[in-house]
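*Asks:* need a structure here:
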Amino acid sequence: MAEQIHLSQNASAVDPELDAARGDKTHEIATDLAYRRLGIVNVVYSGPAASGDRGWVLIDTGIPGTKGMIKSAAEHRFGVGARPAAIVMTHGHFDHIGALEDLAEEWDVAVYAHPLEHPYLNGGASYPPGDPSVGGGAMAALARFYPRGPVNVGGRLRPLPEDGTVPGMPGWRWIHTPGHSVGHVSFWREADRTIIAGDAFVTTGQESAYAVAVQRAEMHGPPTYYTVEWDKAKRSVAALAALDPDLVITGHGEAMRGVEMRTALYDLAERFDQVAVPKSGKYLEHPARAEDGSAYR
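*Replies:* A predicted model of the protein is given here:
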């Protein structure tokens with residue numbers, strides 16, 4: 001991989017003292033927005049604290065085995081027995097859908113995703129295999145062994161509204177940001193210039209087990225071992241950078257804010273081919289595209 005775009009602690013949106021005082025193991029980065037790190041990935045809670053049953057939304061559902069942690073944080077934040085109004089998916093890779101089937105059933109809740117992501121969520125198709133040849137560390141080297149799905153929440157699965165709104169999240173709109181997966185989406189709130197980016201870009205080097213463990217901060221392209229359309233990934237990062245965000249929550253790494261974050265995101269967009277795209281990889285030469293069927297295996 002090429003050079004890294006480092007981020008300092010000054011760019012972090014996390015306040016450890018406030019998080020510790022709250023005691024729910026989440027990082028609250030706005031009065032109605034928090035996230036919890038679950039091993040290698042983040043899940044996001046949208047909605048004011050104590051908003052009660054059906055007063056909030058869960059974005060993504062972590063890795064397998066994290067159902068209890070997701071629920072405990074939700075109950076601490078929103079109230080005992082509080083269920084979400086919706087589960088909204090950025091995409092369906094294994095580290096984002098670990099508890100999806102169980103939570104959707106237990107909470108009796110609809111699941112929203114881009115239509116191109118539906119085959120991976122309704123039992124219809126498995127993702128193309130991860131690519132260990134991209135290099136970068138142990139996480140990439142193990143990519144061929146990661147579960148490819150699919151899960152099946154077909155009875156609860158709904159398309160994101162065509163008008164760009166996000167169910168249960170007033171003031172937000174979804175943006176199709178393909179590249180990492182064909183139906184990947186990010187979420188944007190103009191009022192406070194906040195992006196929930198999923199894996200369109202991340203703030204740690206997800207290919208490296210060490211970087212993941214210590215959450216070493218850098219502005220980083222989408223995790224390379226799962227990204228199947230690099231041309232579209234580049235355009236997606238450029239589109240998100242053009243929004244001039246003040247705060248970003250990504251699927252991997254700490255939430256970041258302010259001028260340093262924004263400058264780093266501009267740099268990533270401008271030099272994407274040099275700092276994000278691997279030197280080699282199967283999907284560089286042979287992208288897995290929905291339009292030719294190669295994205296669905």
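
*Asks:* so where is this protein shaky, pLDDT-wise?
*Replies:* For the chain, applying pLDDT under 70 flags the ranges 1-2, 145, 206-214.

*Asks:* got the residue ranges for the helices in it?
*Replies:* Secondary structure of the chain (DSSP state H): helices located at 16-22, 67-78, 100-107, 118-121, 138-141, 209-214, 230-241, 258-270, 272-275, 282-285.

*Asks:* Export only the CA atoms of the second one, formatted as PDB.
*Replies:* Which is helix 67-78. The C-alpha trace of helix 67-78 is given here as PDB (Å, rounded to 0.1, in the frame of the first residue of the first chain):
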ATOM      1  CA  LYS A  67     -26.500  -9.400  19.900                       C
ATOM      2  CA  GLY A  68     -26.300  -9.100  23.700                       C
ATOM      3  CA  MET A  69     -23.900  -6.100  23.500                       C
ATOM      4  CA  ILE A  70     -26.000  -4.300  20.900                       C
ATOM      5  CA  LYS A  71     -29.200  -4.800  23.000                       C
ATOM      6  CA  SER A  72     -27.600  -3.800  26.300                       C
ATOM      7  CA  ALA A  73     -26.300  -0.500  24.900                       C
ATOM      8  CA  ALA A  74     -29.700   0.100  23.300                       C
ATOM      9  CA  GLU A  75     -31.600  -0.500  26.600                       C
ATOM     10  CA  HIS A  76     -29.200   1.600  28.600                       C
ATOM     11  CA  ARG A  77     -29.600   4.500  26.100                       C
ATOM     12  CA  PHE A  78     -33.200   4.300  25.100                       C
END
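
*Asks:* For it, buried residues please.
*Replies:* For helix 67-78, burial by neighbour count (16 or more other Cβ atoms under 10 Å) applies to 67, 69-71, 73-74, 76-78. (Glycine included, C-beta is placed from N, CA and C.)
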